[in-house]
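Peer 1: Sequence first, then the predicted structure, then my questions.
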Amino acid sequence: MKVVIVGGVAGGATAAARIRRLDECAEIVIFERTQYISYANCGLPYYIGGVIADRSELTLQTPESFGGRFRVDVRVRHEVLAIYPENKAVLVKNLESGKEFTEYYDKLLLSPGAKPTQPRLTGADSRRVFTLRTVEDALRIREYIDRQHPKSAVLAGGGFISLETAENLRRLGLDVTIVQRPMQLMNPFDRDMAAFIHSEMRRHGIKLALGHTVEGFEESGGGINVLLRDAAPLRADIVLLAIGVTPDTTLAKEAGLALGVKDSILVNDRMETSAADIYAVGDAVQVKNFVSGQAALISLAGPANKQGRIAADNICGGSSRYAGSQGSSVIRVFDLTAAVTGLNESDAKTAGFDTDKVLLSPMSHAGYYPGGKLMTMKVVFEKGTYRLLGAQIVGYDGVDKRIDVLATAIRAGMKATELQDLDLAYAPPYSSAKDPVNMAGYIIDNIARGVVKQWYAEQADALPRDGSVTLLDTRTEAEYRHGHIEGFKNIPLDELRGRIAEIERGKPVYVYCQSGVRSYIASRILTANGFDCYNLAGGYRFYDILKNDGLLTQAAAPCGADK
């Protein structure tokens, strides 16, 4: 059996190694148009910033080491120009010599990946405008920085690559601005959770031009002007286009293979395309969103590796299936860690789910053990069924392991209420006896049982201030003086039972505290005394960061509340 693989990196290289492990006799040929067969895409921004000092550290395998270990014919700087499914052949060009030749196959695997989205913008061909996708891209940017010593940078786009590169450029001392058409960075997150990312970026001196569209570039006076729609140009020494990625599917399209979302390659759960004996994996293929069941593009290394393994199994006569992607991912933003899995609230609603959510701010480990730090968790679930749909976490410690637990729970089909039953490891330096994931389950179980009812920060403006409802802040007097939501009366929790006569009966009571814990206790006290009570999900801390990010129009009184 002869297997030809187009493209290396995650999907193609993984498939090649798996095929060899399953079939020692197979002839395996990889064509890779770059000079690198397997490299760490996610490490490229850190090479630019000097965190990874040696460029060789980016290369996971050289063509020689990979070919030697797995007995694979690795041909870098070879570009496949065309596929002929009816002849089981591909047309290949040696980019060094210019020679073209035909290679035949029994099985063909496409792993072309994705390319940076490059809209037609005037001036995009400037030597000061870069994209970042390959090792060669990173080398060009690093060389430009070392030679030209730029003082300022503008990054167009607000996804993973943009944020990681912005952080590394900032650490090099550059003045950095991110321009993003949507009003938030990191679209996998809901805007309320992205507000924490915005705050961290600004805290480290990154300027955010949200809600602006780049329309072109214009070199001028030793720099470059970034032209914006309906706004003054931004001046920079270097520009990075990180607007997103587009499936690199020209070959598949010209060969007549069936295409899906955004011209991605359509595959079944065996990673088979519409043409016999042709498979496809990685960023170029359409997948099923594991939670919604809808068609999706999810460009992440983990899914690409899994797909490469599954395709290899099936090429070798097996019957492996790909169940879909849920988009589990994590990013470091300076000192902050932000992670997500499954559907965010916005996408869940778009997919047709009737959603609810809980927001909580637990400590990363036991409060009495030094070094614990707050994290903010948002868990999204379906009303009625309590099906777990997705989760987002931002914090400074322990975020990654909690998102992985939640990702596993989603994959296992657990209900959100069942999070309370998970038996998770505990020791004071690592967690609490009630782990944050368990706490989310407890809150959701309370909602399911009718023990607590919630209201949300985005409803603060709409709450009447005409006396028809009672608005209650249960924090201390000092906390209240430092900042509160306008129109809320302060009765500290520990005084509530003695002052309950001050609360007029027959009116709904909307309660909050700093994180939601004290106001939950207050809600139980009030409910036990016959009041119809609602607790603010996430508490004042969550409300305040949304207000400071411009997401809420309701002004706090006075300003300067703590976070």
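Peer 2: Okay, I see it.
Peer 1: going forward, measure contacts and count neighbours with C-alpha atoms only.
Peer 2: OK.
Peer 1: Tell me how far the residue of the chain most remote from its centre lies from Ile521.
Peer 2: Here the chain reaches farthest from its C-alpha mean at Ala501, the gap being 48.3 Å by CA atoms, centre = their mean. Distance, Ala501 to Ile521, using CA to CA, to the nearest Å: 18 Å.
Peer 1: now swap in Tyr442 and tell me
Peer 2: To Ile521, Tyr442 is 14 Å away according to CA to CA.
Peer 1: quick one, which of those two is more surrounded?
Peer 2: Taking neighbours as other CA atoms under 10 Å, Tyr442 and Ile521 compare with Tyr442 leading, 19 against 15.
Peer 1: Can you classify the more buried one by secondary structure?
Peer 2: Secondary structure state of Tyr442, per DSSP: H, G, I helix; E, B strand; the rest coil, is helix.
Peer 1: Would you agree it is in contact with Gln420?
Peer 2: Yes. Under the criterion of CA atoms under 8 Å, Tyr442 makes contact with Gln420 at 5.4 Å.
Peer 1: Roughly how far does the closest residue to Cys42 other than its chain neighbours sit from Asp190?
Peer 2: Nearest non-adjacent residue to Cys42, counting by CA to CA, 6 or more residues apart in numbering: Ile161, 7.9 Å away. Applying CA to CA, one obtains 19 Å for the distance of Ile161 from Asp190.
Peer 1: go on, Asp549?
Peer 2: In terms of CA to CA, Asp549 sits 13 Å off from Asp190.
Peer 1: same question, Gly302
Peer 2: Taking CA to CA, one finds Gly302 at 22 Å from Asp190.
Peer 1: out of these two, which sits in the busier spot?
Peer 2: The residue with more neighbours, out of Gly302 and Asp190, is Asp190; 19 against 15, by other CA under 10 Å.
Peer 1: Enumerate every residue touching the residue nearest to that one when sequence neighbours are not counted.
Peer 2: Using CA to CA, 6+ apart and skipping the chain neighbours, the partner closest in space to Asp190 is Asn344 (6.0 Å). With contact taken as CA atoms under 8 Å, 6 or more residues apart in numbering, Asn344 is in contact with 188-190, 380, 389-392.
Peer 1: what about the residue nearest to Gly8 when sequence neighbours are not counted, how many residues close to it?
Peer 2: Using CA to CA, 6+ apart and skipping residues adjacent in sequence, the residue nearest Gly8 is Ile37, 5.1 Å away. A count of neighbours around Ile37, defined by other CA under 10 Å, yields 27.
Peer 1: State the pLDDT value of Ile37.
Peer 2: The model reports Ile37 with a pLDDT of 80.
Peer 1: which residues in the stretch 201-350 of the chain form strands?
Peer 2: Listed in chain order, the strands of the stretch 201-350 of the chain (DSSP state E, counting those that start in this stretch) span residues 207-210, 214-220, 223-228, 231-236, 238-241, 245-247, 278-280, 287-288, 295-296, 329-333, 336-342.
Peer 1: any idea which of those is most buried?
Peer 2: Counting by mean count of other CA atoms under 10 Å, strand 278-280 has the highest mean neighbour count of those, with a mean of 27.
Peer 1: Need the residues that contact it.
Peer 2: The contact list for strand 278-280 (CA under 8 Å, 6+ apart) reads 107-111, 265, 267, 271-273, 311.
Peer 1: redo that, cut-off 10 Å
Peer 2: 3-6, 11-12, 85, 88, 105-113, 252, 257, 265-268, 270-273, 285-286, 307-308, 311-312, 314-315 (CA atoms under 10 Å, 6 or more residues apart in numbering).
Peer 1: Run a quick check on Ala304 versus Pro112, I expect a contact.
Peer 2: No. Using CA atoms under 10 Å, Ala304 makes no contact with Pro112, being 11.2 Å away.
Peer 1: can you list residues touching both of Tyr442 and Gln420?
Peer 2: Taking CA under 10 Å, 6+ apart as the criterion, Tyr442 and Gln420 both touch 434, 436.
Peer 1: circling back: residues shared between the contacts of Ala304 and Pro112?
Peer 2: With CA under 10 Å, 6+ apart as the test, Ala304 and Pro112 both reach 9, 11-12, 281-285.
Peer 1: Identify those among those residues that sit within helices.
Peer 2: Of the shared contacts of Ala304 and Pro112, the ones assigned to helices by DSSP state H are 9, 11-12.
Peer 1: Put together JSON lines for those, with pLDDT, distance to Ile141 and neighbour count on each row.
Peer 2: What follows is those, written out as JSON lines (pLDDT from 0 to 100; distance: CA to CA, whole Å; neighbours: other CA atoms under 10 Å):
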{"residue": "Val9", "pLDDT": "80", "distance to Ile141": "21", "neighbour count": "24"}
{"residue": "Gly11", "pLDDT": "91", "distance to Ile141": "26", "neighbour count": "33"}
{"residue": "Gly12", "pLDDT": "92", "distance to Ile141": "26", "neighbour count": "34"}
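Peer 1: and of these, the nearest to Ala232?
Peer 2: Of all these, the one with the least separation from Ala232 (CA to CA) is Val9, at 40.5 Å.
Peer 1: what residues are up against the closest one?
Peer 2: So Val9 contacts 32, 36-41, 59-61, 111-113, 282, 301, 304-305 (CA under 10 Å, 6+ apart).
Peer 1: what about this protein, any weak spots by pLDDT?
Peer 2: Scanning the chain for pLDDT under 70 picks out 553-563.
Peer 1: Walking through it, point out its helices one by one.
Peer 2: Using DSSP H, the helices of the chain run over 9-22, 44-48, 63-70, 135-148, 160-171, 191-203, 250-254, 301-315, 345-350, 399-411, 436-449, 477-482, 517-528, 539-548.
Peer 1: Ok, which of the ones you listed comes nearest Ala231?
Peer 2: Of those, nearest to Ala231 by CA to CA is helix 191-203, at 20.4 Å.
Peer 1: tell me which residues in the closest one are buried?
Peer 2: 191-198, 200-201 (16 or more other CA atoms under 10 Å).
Peer 1: ditto for stretch 107-126
Peer 2: Here stretch 107-126 shows 107-116, 123-124 as buried, counting by 16+ other CA under 10 Å.
Peer 1: Same question for stretch 370-386.
Peer 2: 372-382, 386.
Peer 1: Select from those every entry located in strands.
Peer 2: 375-382 (DSSP state E).
Peer 1: Now render those as TSV, adding distance to Gly67.
Peer 2: Formatted as TSV, these follow (distance: CA to CA, whole Å):
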residue	distance to Gly67
Met375	45
Thr376	46
Met377	45
Lys378	46
Val379	45
Val380	46
Phe381	47
Glu382	49
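Peer 1: for Gln140, what are its contacts?
Peer 2: Let me fix one detail, which is that residue 140 is Arg and not Gln. Residues counted as contacts of Arg140 (CA under 10 Å, 6+ apart) are 48, 130-132, 146.
Peer 1: Kindly apply the preceding question to Thr476 instead.
Peer 2: Per CA under 10 Å, 6+ apart, neighbours of Thr476: 490-495, 513-514.
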